[in-house]
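[1] when you get a sec, could you give me coordinates for this:
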Amino acid sequence: MGNEQNYFRKERLPYIWCPGCGNGTVLSCATKAIGTMDWDQNKIVAVSGIGCSSRSTGYLDFNTLHTLHGRALPFATGVKMANPELNVVVFTGDGDCTAIGGNHFMNDSRRNIDLTVILFNTNIYGMTGGQYSPTTPVGYRATTAQYGNIEPPFDIVNLAIGAGATFVARTTVANPKELQSMIELGLRNKGFSLIEVVANCHEQFGRINDMKKPVEVIQWIRNQVVSIEDAKSLSAEELQSKVVTGVFRNEPRPEYVETYDRTIMSAALKQG
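    Next up, the predicted model:
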């Protein structure tokens, strides 16, 4: 069992996220979950792209990569394939992962490479000016949707399942205990794991949608939550405005790097 306090670069604290930002909750739960894994700290790699969520790697005392916008997953893939003994965790956001990085997200899910992806879904681009993202709900405003977003949002969970991820879960910052538990399950899965975390961004999403305080956005999130069990009794129309939480898939299958290495080794032996 690790001490999560040792997982932080204390000289980098306090963090620069806005007071009340849900990112701190996600990072705290992630380090607590990692602390249950009995991993060598020197064999943990944290990878991020660009965005508020991706600042996470700057605060973590692991091997860290703060990479290009939308490209966290290709970097993480390279790390895992180069050294399969490393434990790779990716911190990314709804824009970083499902917009510019959407193709990488689908293909790493399909390959089932052993990465744990913690996706902070704030329903907006928080760092770059409050533009609407692929997960902004219909009718909600952003700096690039002053009269309300007209595009239907991605369902990240269904996207991951359809692409082939072997562990898929969704929770929110309003339930830290559940959040930590789901990250732990994802870390223990030998394959591609996605944990979507619906998080509050009151400075961008909240302020432009008349929720100026962190607690207002968290309450807005809480009011939409319905468990995967309770969702079964609701109609499709009733579920349209809901955030369904729970573990949606936990079905192991052969992991990509092991399959790749076994295939290459077999081919080399035949040729030799």
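
[2] ranges for the helices of this protein?
    Taking DSSP state H, the helices of the chain run over residues 23-35, 56-59, 72-82, 94-98, 102-111, 156-163, 176-188, 207-208, 214-224, 228-231, 236-239, 256-271.

[3] quick check: which of the ones you listed is buried the most?
    Among the helices of the chain, helix 94-98 has the highest mean neighbour count (mean count of other Cβ atoms under 10 Å), at a mean of 29. C-beta here means a position set from N, CA and C on the backbone, and glycine is covered the same way.

[4] so how far is that one off the chain centroid?
    Distance, stretch centre to chain centre, for helix 94-98: 9 Å (Cα atoms, centre = their mean, to the nearest Å).

[5] the helices of the chain into TSV, with extra columns for distance to residue 17 and mean pLDDT?
    Shown next, in TSV, are the helices of the chain (distance: least, Cβ to Cβ, whole Å; pLDDT from 0 to 100):
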stretch	distance to residue 17	mean pLDDT
helix 23-35	5	96
helix 56-59	10	96
helix 72-82	18	97
helix 94-98	15	95
helix 102-111	23	96
helix 156-163	22	97
helix 176-188	16	98
helix 207-208	15	96
helix 214-224	11	96
helix 228-231	29	96
helix 236-239	31	89
helix 256-271	33	84
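
[6] nearest to residue 127, of the ones you listed?
    Minimum separation from residue 127 across these (Cβ to Cβ) falls at helix 94-98, 8.9 Å.

[7] just the CA trace of that closest one, in PDB.
    Output of helix 94-98 as PDB, limited to C-alpha atoms (Å, rounded to 0.1, in the frame of the first residue of the first chain):
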ATOM      1  CA  ASP A  94     -13.500  15.600 -22.900                       C
ATOM      2  CA  GLY A  95     -12.000  17.900 -25.500                       C
ATOM      3  CA  ASP A  96      -8.500  16.500 -25.400                       C
ATOM      4  CA  CYS A  97      -9.700  12.900 -25.700                       C
ATOM      5  CA  THR A  98     -12.900  12.900 -27.700                       C
END
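
[8] that one - contacts with which helices or strands?
    Helices and strands touching helix 94-98, as assessed by 3 or more Cβ pairs under 8 Å, 6 or more residues apart in numbering; DSSP states H and E, comprise helix 72-82, strand 116-121, helix 156-163.

[9] nearest to residue 106, of the ones you listed?
    helix 156-163 (4.4 Å).

[10] and the pLDDT for residue 1?
    Per-residue pLDDT puts residue 1 at 59.

[11] check the one 10 residues further on too.
    According to the model's per-residue confidence, residue 11 sits at a pLDDT of 92.

[12] ditto for the one 5 residues further on
    pLDDT, the model's per-residue confidence, is 90 for residue 16.

[13] I figured it hits residue 55, correct?
    Yes: the criterion here is Cβ atoms under 8 Å, and residue 16 meets it with residue 55 at 7.0 Å.

[14] so which of the two has more stuff around it?
    Neighbours of residue 16 and residue 55, each counted by other Cβ atoms under 10 Å, are more numerous for residue 55; the result is 19 against 11.

[15] residues in contact with the spatially most central residue of the chain?
    When Cα atoms, centre = their mean is applied to the chain, the residue found nearest the centroid is residue 119 (1.5 Å). Counting by Cβ atoms under 8 Å, 6 or more residues apart in numbering, residue 119 touches 53, 92-94, 97-98, 156, 194-197.

[16] rerun at 10 Å
    Neighbouring residues of residue 119 by Cβ atoms under 10 Å, 6 or more residues apart in numbering: 26, 53, 90-94, 96-98, 105, 135, 156, 160, 170, 194-199.

[17] okay, and the beta partners of it?
    Bridge pairing for residue 119 (DSSP bridges) gives the partners residue 92, residue 196.

[18] report pLDDT for it.
    Residue 119 is given a pLDDT of 98.

[19] how close does it sit to residue 174?
    Note on residue 119: its distance to residue 174, by Cβ to Cβ, to the nearest Å, is 16 Å.
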